[in-house]
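Chemist: Prediction below, plus the sequence it came from.
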Amino acid sequence: MNYRYNTRMEFDLEYEPEFESLKCLLLEMAQERTLTKLMQLIVRRLTDRPHIASARLWLIHPGDICESCPKREVCPSQESCLHEAAFADNPKDESSDEFPHIETLFQRIPLGVGAIGKIAESGEGMVTPNTRDDLLWETHREWITQNGVIGFAGQPVVHKGKVLGVLGLFPKVPTSVESEGNVWLRMLADHTASAIANAQAFAEIEELRCRLEMDNAYLNEEVVQVQSYGDIIGNSPALHTVVRQIEMVSPTDSSVLIVGESGTGKELVAREIHRNSQRSNRPMIKVNCASIPRELYESEFFGHVKGAFTGAIKDRMGRFELADGGTLFLDEVGEIPPELQSKLLRVLQEGTFERVGDEKMRAVDVRIISATNRNLKQEVEEGRFRNDLYYRLNVFPIEVPPLRLRPEDIPPLADHFLAISANKLNRPKLRLTERNLKSLLAYSWPGNARELQNVIERAVIVSQSAKLQFDLPLVETAKVKTANALKNSAMTQEEVLTDAEMTHREIENTLLALEKTGGKIYGDNGAAELLQMNPTTLSSRLRKPAYKKRASEREPLPRNR
């Protein structure tokens, strides 16, 4: 029997469905690489035919348990569910707007429930000649009547023996198992399965390509930093303790909290832990928590989808996703805002997260190494850092001592930085003299190894010959010189000097320097150089009455040159 379609969305006896144009659809499907566009293409082309009231495509989401699913009560296993991935309807009367769409009727269908769920569970097609009398469609009765649906034809979308989903049509004309339309639907479902598998494979390849590009970008940045420090360098007992701790914790997946002053090499310790771990074949991704704008923390950590906020012009992976299978290094972890600390704790506990603007839950396997120059325990006590997050991060603490507590490491570190700076600046090989080393050892290095590297590089830049000259802060150097003078006078830790005694020792130390240099203040081998202070400052100091009085009591000094 033939039906004719008219503008009132009814059919007369002369209308006859055609299927030849489906060949063009198969060709279009073969050219489409984007999964979302592919699925929408299929349902749109099917509903171009006036006898199709609606075309819908569902895909199985394994492991999906939605607390808000209206069909949760009737779901047999609650382990997987059909989600409506694409749909298209032919135009309906205005009154049809009162009927729900994918939000309630077809959005989620448990496997084995209803006609569509039974197709997914059995992997076999189903044709319902009359949906108006079939009890399987009882809950959809109003929608079926309103849209003029007469029957239903559904086929499983199967790829290599695995059911991916269901392709369903709701026609306005009678259908049967033997009809040409159902044969075409079976063929179309098979092509849909292959096209979906290919689109998913292309999407995975593209994601891996983007991830590889991001990894390479991060690794290129990290290589520059690694070249600045190399491996851990030093011979002090304190550094040997750190190395032993690295050897103990590296083979595990335990979280490590590295504490220490700025510039002590906390990041270098983190790199050594990662390099000696079982995750060394994946990158260590660094996040400087102090440099991220407060409003971008969540996007930086977890990524975002296109359109999630102003400026989100494309999907972007976050640092957790980039570090999947590897190590995530959270530098300056104490700077993380309190509102994000709870989300970070959730990822560490459950290993799952969502991109900003996305509802898809993603799983990650990441080892966390964090570093801070703050006292996190005090931060916890003062309510600025979560107690539970602190204990999650502080499974294995490592304290990196400052450079002033390990002076044995200064000579090898200085030599290492000197070689790097000379090579970087294309300068001839330079050598540290005994006087250079004494100058470096006399300074307390509040900026630690980072300051030492900067001082060495600056000396290489300003040195016009093979002789190095270090521009060290004068105030700090004077303090260290005074401490060394006290030490040389056999002073014990229990002794306490009065202010007058300290002044007397400073005068004696200054006049001793003048004697050793023959009264010379300025220039090479002068007293100012020996004291590591500004020559004009020394001249001004010598004009003070206390210095003049003490100098007159000693043997006359040679005239200044």
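Modeler: Done, it's in.
Chemist: For the stretch 151-300 of the chain, which segments are assigned as strands?
Modeler: 152-159, 162-171, 256-259, 284-288 (DSSP state E, counting those that start in this stretch).
Chemist: for the stretch 401-550 of the chain, what spans make up the helices?
Modeler: Ranges of helices within the stretch 401-550 of the chain are 410-424, 434-441, 448-462, 474-488, 499-516, 527-531, 535-542, 545-553, based on DSSP state H, counting those that start in this stretch.
Chemist: next one: phi and psi at Ile52?
Modeler: Backbone torsions of Ile52, given as degrees, to the nearest 10, read phi -100, psi 110.
Chemist: quick one, what contacts the spatially most central residue of the chain?
Modeler: The centre of the chain sits closest to Arg319, judged by CA atoms, centre = their mean, with a distance of 1.3 Å. By CB atoms under 8 Å, 6 or more residues apart in numbering, Arg319 lies in contact with Ile285, Val287, Glu300, Phe301, Leu328. Where you see a C-beta, it was placed from the backbone N, CA and C, and this is true even at glycine.
Chemist: coming back round to it: got the strands of the stretch 151-300 of the chain as a markdown table, with mean pLDDT and mean neighbour count columns?
Modeler: Output for the strands of the stretch 151-300 of the chain, formatted as a markdown table (pLDDT from 0 to 100; neighbours: other CB atoms under 10 Å):
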| stretch | mean pLDDT | mean neighbour count |
| --- | --- | --- |
| strand 152-159 | 90 | 22 |
| strand 162-171 | 90 | 24 |
| strand 256-259 | 96 | 24 |
| strand 284-288 | 92 | 21 |
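Chemist: Could you dump those strands into TSV with distance to Val243 added?
Modeler: Shown next, in TSV, are the strands of the stretch 151-300 of the chain (distance: least, CB to CB, whole Å):
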stretch	distance to Val243
strand 152-159	53
strand 162-171	51
strand 256-259	13
strand 284-288	18
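Chemist: that older thread, got phi/psi on the residue nearest to the centre of the chain?
Modeler: Torsion angles, degrees, to the nearest 10, at Arg319: phi -70, psi -30.
Chemist: what pLDDT does Ser494 get?
Modeler: Quick fix: residue 494 is Glu, not Ser. At Glu494, the model reports a pLDDT of 49.
Chemist: For Phe309, which residues are in contact?
Modeler: For Phe309, the contacting residues are Ser299, Val356, Gly357, by CB under 8 Å, 6+ apart.
Chemist: now swap in Ala323 and tell me
Modeler: Arg282, Pro283, Met284, Ile285, Val364, Val366.
Chemist: if we can go back for a sec, return a ChimeraX selection command for the buried portion of the contacts of Phe309.
Modeler: Command for ChimeraX, covering only those of these found buried under the criterion 16 or more other CB atoms under 10 Å:
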select :299,356
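Chemist: Filter the contacts of Phe309 down to just the ones in helices.
Modeler: Using DSSP state H, the subset of these located in helices is Ser299.
Chemist: Export the contacts of Phe309 as JSON lines, with columns for pLDDT.
Modeler: Below are those laid out as JSON lines (pLDDT from 0 to 100):
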{"residue": "Ser299", "pLDDT": "89"}
{"residue": "Val356", "pLDDT": "89"}
{"residue": "Gly357", "pLDDT": "87"}
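Chemist: how far away is the nearest residue to Ile196 once chain neighbours are set aside from Trp184?
Modeler: Spatially, and ignoring its direct neighbours in sequence, Ile196 is nearest to Leu164 (5.9 Å; CB to CB, 6 or more residues apart in numbering). Remark: distance between Leu164 and Trp184 (CB to CB, to the nearest Å) = 19 Å.
Chemist: picking that back up, between the contacts of Ala323, which is nearest Arg108?
Modeler: Nearest to Arg108, judged by CB to CB, of the contacts of Ala323 is Val364 at 25.7 Å.
Chemist: Name the SS class of Ile368, please.
Modeler: strand (DSSP: H, G, I helix; E, B strand; the rest coil).
Chemist: and it, what does it touch?
Modeler: Contacts of Ile368 by CB under 8 Å, 6+ apart are Ser255, Val256, Thr327, Leu328, Leu330, Leu348, Leu393.
Chemist: Report how many residues lie close to the third one.
Modeler: For Thr327, the number of neighbouring residues by other CB atoms under 10 Å comes to 24.
Chemist: Report the separation between it and Tyr390.
Modeler: 20 Å.
Chemist: about what we covered before: closest to Leu57 out of the strands of the stretch 151-300 of the chain?
Modeler: From the strands of the stretch 151-300 of the chain, taking CB to CB, the stretch that ends up closest is strand 162-171, at 5.4 Å.
Chemist: Alpha carbons only: can I get that closest one in PDB?
Modeler: Output of strand 162-171 as PDB, limited to C-alpha atoms (Å, rounded to 0.1, in the frame of the first residue of the first chain):
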ATOM      1  CA  LYS A 162      30.600  -5.900  20.700                       C
ATOM      2  CA  VAL A 163      27.300  -4.000  21.000                       C
ATOM      3  CA  LEU A 164      28.100  -0.300  20.900                       C
ATOM      4  CA  GLY A 165      24.500   1.000  21.000                       C
ATOM      5  CA  VAL A 166      21.200   1.000  19.200                       C
ATOM      6  CA  LEU A 167      19.900   2.800  16.000                       C
ATOM      7  CA  GLY A 168      16.200   3.300  16.100                       C
ATOM      8  CA  LEU A 169      13.500   4.600  13.700                       C
ATOM      9  CA  PHE A 170       9.900   5.700  14.400                       C
ATOM     10  CA  PRO A 171       8.000   5.500  11.100                       C
END
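Chemist: what lines up beside it in the sheet?
Modeler: Next to strand 162-171 in the sheet, as set by DSSP bridges, lie strand 52-62 (antiparallel), strand 152-159 (antiparallel).
Chemist: For the strand or helix carrying Lys23, buried residues please.
Modeler: Using DSSP states H and E, Lys23 sits in helix 22-31. For helix 22-31, burial by neighbour count (16+ other CB under 10 Å) applies to Leu22, Leu25, Met29.
Chemist: Name the nearest residue to the last one, sequence neighbours excluded.
Modeler: In this case it means Met29. For Met29, ignoring the flanking residues on the chain, the nearest one in space by CB to CB, 6+ apart is Ala195 at 4.7 Å.
Chemist: Quick check, pLDDT for that neighbour.
Modeler: On the pLDDT scale, Ala195 gets 86.
Chemist: hang on, it packs against Glu32?
Modeler: Yes - judged on CB atoms under 8 Å, Ala195 makes contact with Glu32 at a distance of 7.1 Å.
Chemist: tell me, what's touching those two both at once?
Modeler: Joint contacts of Ala195 and Glu32 (CB under 8 Å, 6+ apart) are Leu38.
Chemist: Comparing these two, which residue is more hemmed in?
Modeler: Neighbour count, other CB under 10 Å: between Ala195 and Glu32, Ala195 has more, with 25 against 18.
Chemist: How much space separates that one from Leu164?
Modeler: According to CB to CB, Ala195 and Leu164 sit 11 Å apart.
Chemist: do the same with Val400
Modeler: 52 Å.
Chemist: That concludes my questions; thank you for your assistance.
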